[in-house]
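K.L.:
Sequence first, predicted coordinates after that:
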Amino acid sequence: MMPDPLTVDDLERIAHLAGMSIPRSDLERLAPLLEALYADLDRLRNLPIADLEPAFTPRPSGPAEGERGGRP
Amino acid sequence: MSDLTYAPLTDLSRRIRTRALSPVTLIEACLDRIERCRALNAFITVTAEVARAQAGEAEREIAAGRYRGPLHGIPVSLKDLIDTKGIRSTCGSRILADRVPSEDAAVAARLHAAGAVLLGKNNLHEFAFGVTTDNPHFGPTRNPWRLDRIPGGSSGGSGAAVAAGCGPVSIGTDTGGSIRIPAALCGVVGLKPTYGRVSRRGVFPLSWTLDHIGPLTRSVEDAALVLQAIAGPDAKDPSTLGQGVPDFAAGLRKSLAGVRIGVPADEYHSEMAADVRAQFRAALEVLAGVGLELEDVEFPRAGEARTAAATVLFAEAASVHEPWLSDRAGEYGADTLALLRQGTFLTATQYLRAQRVRALIASEVGALMEQVAALVLPTIPIVAPAIGQSTVTVGGRSTDARGVITRFVRLINFVGLPAVSVPCGFGADGLPVGLQIVGRSNEEATVLAIAHAYEQATPWHTRRPPEPQAGV
């Protein structure tokens, strides 16, 4: 199901809930950018991530050849 | 122009060690050069008195036989979001314009311990959130090759300073390309190490899980020497723990015969300016000529990775700035504020979805990097645009300049791999082009060896931008 289009009124309410006062003209500029980002993010649901935990930091895999030390 | 101005760090270091060159003489040459290059606006703060005092101390220590190593007496500058004790650290912002830290950042402390001399603090894109260094509070930094062009960013002051001979080294940060972009657009070397290789303690964050710290220099060997001084575990930055630290310069001259290199061949080759494409193709021939085996590969899910990386960046940056976004919004530049506000409208589940996609892509890139020792690609698909130019035309299509500039670099931050940009010739209007080499996690030595081989087979790193005009 397609989500409803994002409106400036929606953003104004969210900003208010988050304690931010953002001029309506700024929200009008933000709305299409956010709509595009949300659409792209929605497509990420189709990737095979169901069994994956968030990565957060790209942890090194361990010392490379010739390195001293290593993980404890 | 002094012969010291463009001398390699390795040469300066040898002369200082043998007492053929005084660090005091070197610092005065650099300070004079900075003054002559004021039109570049590469520095927010020049620490002349600190530099003179530290250079004098270095000279006395070396005379007394207490030589600390290759950075002893070497001038360095720092991007102005790296904390320096007692010296203002503005982050290129009005909000922190008067902030004076009480402690050095870990990277500043390591450089100080190595005997390096602080020249000053470099201009940057406000809070490092952008790629132009068109700073609304401290003025734009200009590209030494053409003053009407951007130096790239966000470490634009660092790139311009090193390219113009205002010191052999600057330390920058790279969240979505911000070391490699100015390196490419200014014609110098920029090294983004593996995530966690260099401590982020005391460096103002843009995005905790994407931020990297590394050097901009005029040669690959210089970059290796600087990385050696700043790399290593720091108990106060958990992402650095557990790493071993190799000798990064030891393998620079090793044979690369038969080493397999991947050339991302599909998406990476679209939307590239013709002049950059020509230089990149020529670079591939040079790499083949030094014995590397090139093969086409595909970077997994590049489009999805860009979306996920942007989401992580926006959300984390908005969190960093949350206290100011509600009550000091008017003190941000317009472009930085607009990006930060995008992050405030992302949900926790969207952020976590992006981080789960990151796990997927990191796994797939890891599998790719088992097949090849490194990837090579252009650093940026265009040469430096004009200051104030928000769109560029690539492949006949007008598009957002920021998106084009970060296209080949941001993905590498997302997976935390080491990458270097080296000068790769010149494109339209005589402006520099960069070649990016990406390696396996923790294998900066291989990245540097390939970059060094390319550098030594080409003349690009020896070219100099025009001398600054008097009164400009």
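P.N.:
Cool, the structure landed.

K.L.:
in chain A, what residue is nearest chain B?
P.N.:
A:P58 (2.8 Å; Cβ to the nearest Cβ). Bear in mind the C-beta positions are built from the backbone N, C-alpha and C, glycine included.

K.L.:
what is the rounded mean pLDDT of stretch B:164-171?
P.N.:
The average of the pLDDT scores along stretch B:164-171 is 98.

K.L.:
And it, how far out from the chain middle?
P.N.:
12 Å (Cα atoms, centre = their mean, to the nearest Å).

K.L.:
neighbours of the closest residue to the residue of chain A closest to chain B other than its chain neighbours, just the number please.
P.N.:
Leaving aside its sequence neighbours, A:P58 sits nearest to B:G416 (Cβ to Cβ, 6 or more residues apart in numbering or on different chains; 2.8 Å). Residue neighbour count, defined by other Cβ atoms under 10 Å in any protein chain shown, stands at 26 for B:G416.

K.L.:
which residues touch B:Y454?
P.N.:
B:A283, B:V286, B:L287, B:V290, B:V422, B:C424, B:L435, B:I437 (Cβ atoms under 8 Å, 6 or more residues apart in numbering or on different chains).

K.L.:
Can you tell me which of those is nearest chain A?
P.N.:
Looking across these and measuring by Cβ to the nearest Cβ, the closest to chain A is B:I437, at 15.6 Å.

K.L.:
what's the pLDDT at the residue nearest to B:F345 when sequence neighbours are not counted?
P.N.:
The shortest distance from B:F345 to any non-neighbouring residue, by Cβ to Cβ, 6+ apart, is to A:L34 (5.4 Å). At A:L34, the pLDDT value in this model is 95.

K.L.:
Tell me where the model's unsure across chain B.
P.N.:
B:1-2, B:266-269, B:470-472 (pLDDT under 70).

K.L.:
again, 90 this time
P.N.:
Scanning chain B for pLDDT under 90 picks out the ranges B:1-3, B:241-244, B:251, B:265-271, B:326-327, B:394-397, B:468-472.

K.L.:
Quick check: the residue of it nearest chain A.
P.N.:
B:G416 (2.8 Å).

K.L.:
Residue nearest the middle of the chain, spatially speaking?
P.N.:
Defaulting to chain A. Nearest residue to the geometric centre of chain A (Cα atoms, centre = their mean): A:L41, 7.1 Å.

K.L.:
wait, I meant chain B there
P.N.:
Short answer for chain B (Cα atoms, centre = their mean): B:I179, at 1.7 Å.

K.L.:
Do I have it right that that one meets B:D211?
P.N.:
No. With contacts counted by Cβ atoms under 8 Å, B:I179 stays clear of B:D211, the gap being 10.9 Å.

K.L.:
Now do the shared contacts for the two.
P.N.:
In contact with both B:I179 and B:D211: B:T173, using Cβ under 8 Å, 6+ apart.

K.L.:
SS state for the residue nearest to the centre of chain A?
P.N.:
Taken by DSSP: H, G, I helix; E, B strand; the rest coil, the conformation at A:L41 corresponds to helix.

K.L.:
what number of residues lie near B:R281?
P.N.:
Going by other Cβ under 10 Å, the residues that sit close to B:R281 add up to 10.

K.L.:
for it, helix, strand, or coil?
P.N.:
Under the three-state scheme (three-state DSSP), B:R281 adopts helix.

K.L.:
got the residues of the stretch 351-472 of chain B near chain A?
P.N.:
By Cβ under 8 Å from any Cβ of the partner chain, the residues of the stretch 351-472 of chain B that approach chain A are B:352-360, B:362, B:366, B:414-417, B:440-443, B:445.

K.L.:
taking the residues you listed one by one, which sit in helices?
P.N.:
B:352-360, B:362, B:366, B:414-415, B:445 (DSSP state H).

K.L.:
If any of those residues are buried, put those into a ChimeraX selection.
P.N.:
Only the buried entries of those go into this ChimeraX selection, using 16 or more other Cβ atoms under 10 Å in any protein chain shown:
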select /B:352,353,354,355,356,357,358,359,360,362,366,414,415,445
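
K.L.:
and of the ones in helices among the residues of the stretch 351-472 of chain B next to chain A, the nearest to B:N41?
P.N.:
Looking at those and their distance to B:N41, the nearest is B:F414, at 31.2 Å (Cβ to Cβ).

K.L.:
The closest one - nearest residue in space that isn't next to it in sequence?
P.N.:
Leaving aside its sequence neighbours, B:F414 sits nearest to B:A309 (Cβ to Cβ, 6+ apart; 4.1 Å).

K.L.:
does that neighbour count as helix, strand or coil?
P.N.:
helix.

K.L.:
could you list every residue that touches it?
P.N.:
The contact partners of B:A309, by Cβ under 8 Å, 6+ apart, come to B:G176, B:L210, B:A354, B:R358, B:R410, B:L411, B:N413, B:F414.

K.L.:
Might one say that the second one is in contact with B:A317?
P.N.:
If I follow you right, that is B:L210. No. Using Cβ under 8 Å, B:L210 is not in contact with B:A317, being 9.3 Å away.

K.L.:
quick one, helices of chain A?
P.N.:
With DSSP H as the criterion, chain A has helices spanning A:8-17, A:24-43.
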